[in-house]
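Q: Need a 3D model of the following:
(2 chains)
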Amino acid sequence: MKPGTRLKSAACDTEVMVIRTAGGTIECGGAPMAEDKPAEAAALSPDHSNGSLMGKRYVDAENTYELLCVKPGKGSLSVDGVALVTKDAKPLPASD
Amino acid sequence: MPIDLPDAEHGPPIPLWRWADRQLRDLATVTGSERIAALDGLTVVGERGSARDFEIRGRRSAGVGGSHLNPTRDGSWFALTIMREEDRAYLPALFGKEGMEIATEVEIAAEIALHDSNDLLAKGRALGLPVACADEVPASPPVEVLARGTQRRRDPGHRPLVVDLSAIWAGPLCGHLLWLAGADVIKVENPKRPDMIRSSDPLTFEMVNQGKQSVAADLTDPATRDRLVALIRGADMVIEASRPRALRHLGIDADALVREVPGLVWLSITGHGATGDAANWVGVGNDCAVAGGLARALADATGEIGYVGDALADPLTGITAALEGWRAYANGEAVRIGFSMSAIAAKALSEERAFDRPALDAELRAWGANVGKLFPKVPRRSGLGPFRDLGADTEKWLGTAPAC
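A: Got it, this is the predicted structure:
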């Protein structure tokens, strides 16, 4: 998958932009995400329903994956079932 | 005010300095301040580039790193600013291509040439990169009322208290002008993340923050945030330049405070607007000037596109915010006013064209003809007021932490 690809949640309104990825399955609300929404919505898994926040960046422990939330939703993001966490805010730029 | 002709080493006056000067004349009138009356527009737009010996560099902005203008597939120009090395991690997503995080300027330019400007803009803004296009129309009005509250009548001779939460140049310059005009200004910084130009650009930092008191406050701590909100409730004006979302995440509701506190004037400075999609976009002085049409204006006047001045949207916005803020304060209004840097650059350009187009075009031509020269020299303003160490006034304004 190319960086910059937009993925949609099958279980909620969440949309992300892929910053970095490897071979794993990117999920939201417990269901795999795809470039198009499925005809029938997937069920929101209670284990993956902490929500996604607009503008937040989500990463895995190894920093192999990074997703930018461009539309928030009720599902939380995971890769192969392992929850992603928000990346800490970085300091503001030094100059312009 | 007479201006020196360019000498062999230094370039011509920064275009739009006369627009800045007229706003300062208005500010001097509404504030009655002799110190503002003594200030000129050329100094305010040029003092950063002058102090730092910036060079006019055409399609590269002045200063370290900076912003670059490159042609797009659809015949426009795209300004990309890489302000933090870690932002390079977003270049693969911007261009849809692996490996771009280590790309050279030449490779980035080659990639920009393969894309249309609107696609690059949409993607860059979603990624939180400061990007602009030479032919875009600013998304928001330059000055916009975001919330209103009830009026407050103040005693004659009341000295305004300003809480300045902003960083870098535009917001702090606004606070500096209000300080020159007689306000007490408290600069608030997160001790873990102080205003970055404190260390990276001390000359500019001291210029626009001299005389301000300094409070260190980590607003992610709820008790500290509550004490800051209490300070704001007793203040007359607030200057803030964070993205609206960031403020809400901290639990500070600017609109609610303006509705609740009579006479509170809240100045919100953004790159491209405080409402809608544009509220999420990042913008800094150079790319906002491009988004406001200044690079295109240079191309129209000279045939060669390039940056005009140094982060010119910053000082134009700082002056505008001080003027509008003081006007609202003087009327006793409670109001939150949004200032969009890209739209203010566009407004200054259009007003200056209407005011004296031949003079503006002559200055743009002179600017374009002086690539390689240093910025014009203007006097350095220092020692006007005491300079306080970070957090020196925290206890005075926030008190000590309550026992848990």
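Q: how distant is the least confident helix or strand in chain B by mean pLDDT from the center of its chain?
A: Using mean pLDDT, DSSP states H and E, the weakest-scoring helix or strand in chain B turns out to be helix B:244-249, at a mean of 82. Mean-position distance between helix B:244-249 and its chain equals 19 Å (CA atoms, centre = their mean, to the nearest Å).
Q: ok, residues contacting that helix?
A: For helix B:244-249, contacts defined as CB atoms under 8 Å, 6 or more residues apart in numbering or on different chains pick out A:54-55, B:240, B:253-254, B:268, B:270, B:274-275, B:279-280. The way it works is simple: take the backbone N, C-alpha and C, and place the C-beta from them, glycine included.
Q: Where does the prediction get shaky in the chain?
A: I went with chain A, as the question did not name one. Applying pLDDT under 70 to chain A flags residues A:88-96.
Q: if you could check chain B rather than the one you did, that'd help
A: For chain B, the stretches with pLDDT under 70 are B:1-8, B:64-65, B:400-404.
Q: Near chain A, which residues of it are found?
A: Residues of chain B lying close to chain A (CB under 8 Å from any CB of the partner chain) are B:61, B:63-67, B:81, B:83-84, B:86, B:89-90, B:92-98, B:123, B:126-128, B:130, B:167-169, B:193, B:196-197, B:200-201, B:245, B:280, B:284-287, B:311, B:314.
Q: let's see it at 6 Å
A: B:83-84, B:92-93, B:96, B:126, B:193, B:196, B:200-201, B:245, B:280, B:284-286, B:311 (CB under 6 Å from any CB of the partner chain).
Q: Most widely separated two among the residues you listed?
A: Using CB to CB, the residues of chain B next to chain A span at most 34.5 Å, a distance reached by B:96 and B:201.
Q: between these two, who's got more neighbours?
A: Taking neighbours as other CB atoms under 10 Å in any protein chain shown, residue B:96 and residue B:201 compare with residue B:201 leading, 21 against 17.
Q: on that earlier part again, which of the contacts of helix B:244-249 are buried? Put it as a ChimeraX command.
A: ChimeraX command restricting the contacts of helix B:244-249 to the buried ones, with burial defined by 16 or more other CB atoms under 10 Å in any protein chain shown:
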select /B:240,254,268,270,274,279,280
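Q: rewinding a little: buried residues of the least confident helix or strand of chain B, list them for me.
A: Buried residues in helix B:244-249 (16+ other CB under 10 Å): B:244, B:247, B:249.
Q: swap in stretch A:30-43?
A: Residues of stretch A:30-43 classed as buried by neighbour count (16+ other CB under 10 Å): A:30-31, A:33, A:42.
Q: can you redo the contacts of helix B:244-249 as a markdown table with distance to residue B:154?
A: Formatted as a markdown table, those follow (distance: CB to CB, whole Å):
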| residue | distance to residue B:154 |
| --- | --- |
| A:54 | 39 |
| A:55 | 39 |
| B:240 | 22 |
| B:253 | 24 |
| B:254 | 21 |
| B:268 | 22 |
| B:270 | 28 |
| B:274 | 27 |
| B:275 | 30 |
| B:279 | 32 |
| B:280 | 36 |
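Q: out of the contacts of helix B:244-249, who's nearest residue B:374?
A: The shortest approach to residue B:374 among those belongs to residue B:270, at 31.5 Å (CB to CB).
Q: I'd like to know the phi and psi angles of that closest one, please.
A: Backbone torsions of residue B:270, given as degrees, to the nearest 10, read phi -130, psi 170.
Q: same check, this time on residue B:279
A: Per degrees, to the nearest 10, the backbone of residue B:279 is at phi -60, psi -20.
Q: count of residues packed around residue B:138?
A: 24.
Q: List the contacts of it.
A: Counting by CB atoms under 6 Å, 6 or more residues apart in numbering or on different chains, residue B:138 makes contact with B:342-343, B:346.
Q: can you check residue B:144 too?
A: Counting by CB under 6 Å, 6+ apart, residue B:144 touches residue B:338.
Q: buried sites along the helix or strand where it lies?
A: Per DSSP states H and E: residue B:144 is located in strand B:143-148. The neighbour-count check on strand B:143-148 (16+ other CB under 10 Å) flags B:143-144, B:146-147 as buried.
Q: Sheet-wise, list the partners of whichever helix or strand comes after it with their directions.
A: Going down the chain from strand B:143-148, the next helix or strand is strand B:161-164, by DSSP H and E. Sheet pairing for strand B:161-164, assigned by DSSP bridges, gives strand B:184-189 (parallel), strand B:237-240 (parallel).
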